[in-house]
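S.K.: Fold the stuff below for me.
(2 chains)
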Amino acid sequence: METYLFYALALILVTFSILTVTARNPVRSAVYLVSALLAVAGFFFLLEAEFVGAVQVLVYVGGIMVLFLFVIMLVSIEALDRQPKVSRQWRTGVVLAVVLCLELSLLIFRGTVSLEEGLAEPGIITTTETMNTEAVGTVLYSTYLLPFEIASVLLLVAIVGAVVLAKKEI
Amino acid sequence: MPEIPAAGELFGFLSLNARAIAPQLHLIVWGLGLLCLDFILPGRGIRFLGFYGKSFSVALALLGLIAASIQLWLLWGTGNGDAFYNMVTQDAFSEVFGILFLVSAILAIALSYRHLDIEDAQHSEYYSILLFATAGMMFMAGAVDLVTIFVGLELMSVSTYILVGFLRRQRRSNEASMKYFLMGAFSTAIILYGMSLLYGISGSTNLNVIAQEAARREDNTLLILALFLMLAGLCFKIAAVPFHMWAPDAYEGAPTGITAFMSVAVKAAAFAVFLRIFYVTFHDFHDLYMGVLAIIAMATMTWGNVAAVTQQNVKRLLAYSSISHAGFVLMGLVVGTQPGISASVVYLFAYTFMNLGAWAIVILLRRRDVIGESIEDFNGLYFKHPGLAILNLIFFLSLAGIPPLAGFIAKYAVFAAVIESALAAGQAHGQLLMWLAVVAALNAVVSLFYYLRIVVAMFIERESLPVPLSFSVGVWFVLLVTGFFTIFIGIYPDPFFDLARIASLPLVF
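M.R.: Alright, predicted model coming up:
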């Protein structure tokens, strides 16, 4: 059952990813990307990481995609239409793609060997005893309390910075 | 594996050695206070001791930094150790780097105050973000966990992106901020990639646990991949060749006070993380990364110097010189021994003082209607302000490494560490280390050339300065402090060597 689900999700992911980069209309691209990201969320659920799955849906499908759509709406689509379909930097793109493929295959073939050794000790979050959302919450407010608080200062700095840089009169 | 406490013990963090982060807490609280107080600060009409209106915030920011320094002094040597479930530590290493950050922040604020007036950008947010950036740096220096390193790094970086673009009516500043932001975000992503691999391998984010795990394993392919990803990301942050492209543009566009701050403190913070990760976590792989690091160090100092020779803009010239100095600091890391760390730390201290001094002179040249950034602007400085010109000569000679100044002692320390290690028996890369020393010596000569270009302009060109320099109490203070220490470290470096030796102890086993 899980195997079938995996292949179904993989098919959806690959199809929509290809559609995302080939679609001419950027709004369509964005919608295809939403579907692709939902498939990724499906993978997380399949791995019993329901927290990461839910975050994927909320943050990527919800927040970041809305942001993308805003930006797309703000720039004129007609101007984009006249742009050449393949960017002038395609050579760089090909090189990067090849490097990434090599790296991923290294991870997949060598990584499993390397990881199996390390799997003797499970990570902080174990899925069996509690729901992992609960486990993430507990760890976040205990072990990782300090980074969590620093992150809140970081967000404050980001907000203040956005206001300082963008507001007409300060 | 860290323990997960029960829900009822959540407030236990108050007893979790919170003292260890007291200076950082001070900085954050004063920064927040500054943001709130901004609303009730008086308008432009009221003057007091040369301050007016919103610029009272500069005094508050300095008070905050002094309070944090006092707190650090109270904690000095208490060795509070790990705090917050091993997220952050307070050891000699973090204390010594804390001094460096606080001193550079105080000097940067003293430099900025008048400059912001001239640039018409006097806002309290500037100072409060600077305090947050300093707190981020102190968290980086004390972090013993990948997550803390990351959030500390981001707190520092995001603050710096904003400060670089603070002169928002200037295109140059906007462009610099954008470039710095994109490059910085990219490098952060690379570091994060390395971190995620480390977590995947070891199941822990703690640096010590990862090191133990690495020692236990036989196949370390992924770990080596993570090592080089983090190396690349950190080289971005310290602007080492070939990851230095952003530095000249960002340094040129930023408000000069921030440029000075970036070239010393931001770089030192990245070096602190560099030292901590590469000495604690990747210590067993030293022979592996040493060669790469040696080549990066050679490329960095050579490229920085060669590019600096052709610059006409002083800010860009000092930016390239700061790239080449990063190469010299890297020499200490290449060695990978206790004297190596000490040498790097001494270098960072000496560089902080002499470089901030040089930037103070650049700030003096920025006047209301004069941009004052080209070498010609130095023309005839000696005939108008002989003392200032001689002070500047001292800073530049020190940057070039002429005895008996701070720069010479710093260069001597890194050379000694490299050569000692190259001659040690059984050294894997002895030949390479010798080459590193030779290249560094040649570079010291090249750097003298472009520093002397400015000196020639100051002492020989007989053209008087048309507009008076923008003196202020802050700049005088900075010149006094940096001038004193540039000479002091050169004549009597022992206290700084002691400091550096103490700092290196927690990192070596």
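
S.K.: same for the one helix or strand B:Gly64 maps to, what does it pack against?
M.R.: Element membership for B:Gly64 (DSSP states H and E) is helix B:56-75. The helices and strands touching helix B:56-75, judged by 3 or more Cβ pairs under 8 Å, 6 or more residues apart in numbering or on different chains; DSSP states H and E, are helix B:22-37, helix B:92-119, helix B:124-142. For every residue, glycine as well, the C-beta is placed using N, CA and C.

S.K.: Point me to the residue of chain B nearest chain A.
M.R.: Residue of chain B nearest chain A, by Cβ to the nearest Cβ: B:Ile162 (3.5 Å).

S.K.: list the contacts for B:Thr89?
M.R.: B:Thr89 makes contact with B:20, B:81-83, B:142-144, B:506 under the criterion Cβ atoms under 8 Å, 6 or more residues apart in numbering or on different chains.

S.K.: Could you turn the buried ones of these into a ChimeraX selection?
M.R.: To isolate the buried subset of these in ChimeraX, counting by 16 or more other Cβ atoms under 10 Å in any protein chain shown, use the following:
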select /B:20,82,83,142,143,144,506
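
S.K.: Closest to B:Pro493 out of the contacts of B:Thr89?
M.R.: B:Pro506 (21.8 Å; Cβ to Cβ).

S.K.: how about the closest one, secondary structure?
M.R.: Secondary structure for B:Pro506, judged by DSSP: H, G, I helix; E, B strand; the rest coil, is helix.

S.K.: wait, doesn't B:Ser472 sit right on B:Ser112?
M.R.: No - the pair B:Ser472 / B:Ser112 is not scored as a contact, 10.2 Å apart, by Cβ atoms under 8 Å.

S.K.: Quick one: neighbours of the residue nearest to B:Ala400 when sequence neighbours are not counted, just the number.
M.R.: Spatial nearest neighbour of B:Ala400, excluding adjacent residues (Cβ to Cβ, 6 or more residues apart in numbering or on different chains): B:Leu448 at 4.4 Å. Number of residues near B:Leu448 (other Cβ atoms under 10 Å in any protein chain shown) recorded here: 18.

S.K.: Where does pLDDT dip in the chain?
M.R.: Answering for chain A, as no chain was given. For chain A, applying pLDDT under 70 flags the ranges A:76-83, A:85, A:111-130.

S.K.: other chain: chain B
M.R.: Ranges of chain B meeting pLDDT under 70: B:1-16, B:42-55, B:425-428, B:464, B:509.

S.K.: which stretches of it form strands?
M.R.: B:47-48, B:51-52, B:81-83, B:88-90 (DSSP state E).

S.K.: that older thread, contacting residues around the residue of chain B closest to chain A?
M.R.: Contacts of B:Ile162 (Cβ under 8 Å, 6+ apart): A:157, A:160-161, A:164-165, B:129, B:177.

S.K.: where's it relative to B:Leu27, distance?
M.R.: Relative to B:Leu27, B:Ile162 is positioned 16 Å away (Cβ to Cβ, to the nearest Å).

S.K.: sorry, back to before: show me the contacts of B:Ile162 that map onto helices.
M.R.: A:157, A:160-161, A:164-165, B:129, B:177 (DSSP state H).

S.K.: Ranking by neighbours, what's the top pick from those?
M.R.: Neighbour counts for these (other Cβ under 10 Å) peak at B:Ile129, which has 27 neighbours.

S.K.: Who are the contact partners of it?
M.R.: Contacts of B:Ile129 by Cβ under 8 Å, 6+ apart are A:157, A:160-161, A:164, B:31, B:159, B:162-163.

S.K.: same thing but at 10 Å, please
M.R.: For B:Ile129, the contacting residues are A:156-157, A:160-161, A:164, B:31, B:34-35, B:123, B:158-163, B:166, B:258, by Cβ atoms under 10 Å, 6 or more residues apart in numbering or on different chains.

S.K.: quick one: contacts for the residue nearest in space to the middle of chain A?
M.R.: When Cα atoms, centre = their mean is applied to chain A, the residue found nearest the centroid is A:Tyr60 (6.3 Å). With contacts defined as Cβ under 10 Å, 6+ apart, A:Tyr60 is in contact with A:33-34, A:36-38, A:40-41.

S.K.: could I get those residues as JSON lines with neighbour count?
M.R.: Listed next are those as JSON lines, based on neighbours: other Cβ atoms under 10 Å in any protein chain shown:
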{"residue": "A:Leu33", "neighbour count": "21"}
{"residue": "A:Val34", "neighbour count": "21"}
{"residue": "A:Ala36", "neighbour count": "20"}
{"residue": "A:Leu37", "neighbour count": "22"}
{"residue": "A:Leu38", "neighbour count": "18"}
{"residue": "A:Val40", "neighbour count": "18"}
{"residue": "A:Ala41", "neighbour count": "21"}
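
S.K.: Between these, which sits nearest B:Glu213?
M.R.: A:Val40 (28.6 Å).

S.K.: Pull the contacting residues for the nearest residue to B:Ile210 once chain neighbours are set aside.
M.R.: Counting by Cβ to Cβ, 6+ apart, B:Ile210 lies nearest to B:Ser202, which is 4.6 Å off, once chain neighbours are set aside. By Cβ under 10 Å, 6+ apart, B:Ser202 lies in contact with A:118, A:121, A:123, B:146, B:209-214, B:216-217, B:223, B:226, B:281.

S.K.: Any quick PyMOL command for the buried ones out of the residues you listed?
M.R.: In PyMOL, a selection of the buried entries from the contacts of B:Ser202 looks like this (16+ other Cβ under 10 Å):
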select buried, (chain A and resi 118) or (chain B and resi 146+209+210+211+213+214+217+223+226+281)
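
S.K.: Of the contacts of B:Ser202, which belong to helices?
M.R.: Short answer: those in helices (DSSP H) are A:118, B:146, B:209-214, B:216, B:223, B:226.

S.K.: Return the alpha-carbon coordinates of the helix holding B:Gly64 using PDB.
M.R.: Output of helix B:56-75 as PDB, limited to C-alpha atoms (Å, rounded to 0.1, in the frame of the first residue of the first chain):
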ATOM      1  CA  PHE B  56      19.900  60.900  22.500                       C
ATOM      2  CA  SER B  57      19.500  57.300  21.400                       C
ATOM      3  CA  VAL B  58      23.200  57.100  20.600                       C
ATOM      4  CA  ALA B  59      23.900  57.700  24.300                       C
ATOM      5  CA  LEU B  60      21.400  55.000  25.300                       C
ATOM      6  CA  ALA B  61      23.000  52.600  22.900                       C
ATOM      7  CA  LEU B  62      26.500  53.300  24.300                       C
ATOM      8  CA  LEU B  63      25.100  52.800  27.800                       C
ATOM      9  CA  GLY B  64      23.700  49.400  26.700                       C
ATOM     10  CA  LEU B  65      27.000  48.300  25.400                       C
ATOM     11  CA  ILE B  66      28.800  49.500  28.500                       C
ATOM     12  CA  ALA B  67      26.300  47.600  30.700                       C
ATOM     13  CA  ALA B  68      26.900  44.500  28.600                       C
ATOM     14  CA  SER B  69      30.600  45.000  29.000                       C
ATOM     15  CA  ILE B  70      30.300  45.300  32.700                       C
ATOM     16  CA  GLN B  71      28.200  42.200  32.800                       C
ATOM     17  CA  LEU B  72      30.900  40.400  30.800                       C
ATOM     18  CA  TRP B  73      33.500  41.700  33.200                       C
ATOM     19  CA  LEU B  74      31.500  40.400  36.200                       C
ATOM     20  CA  LEU B  75      31.200  37.000  34.500                       C
END
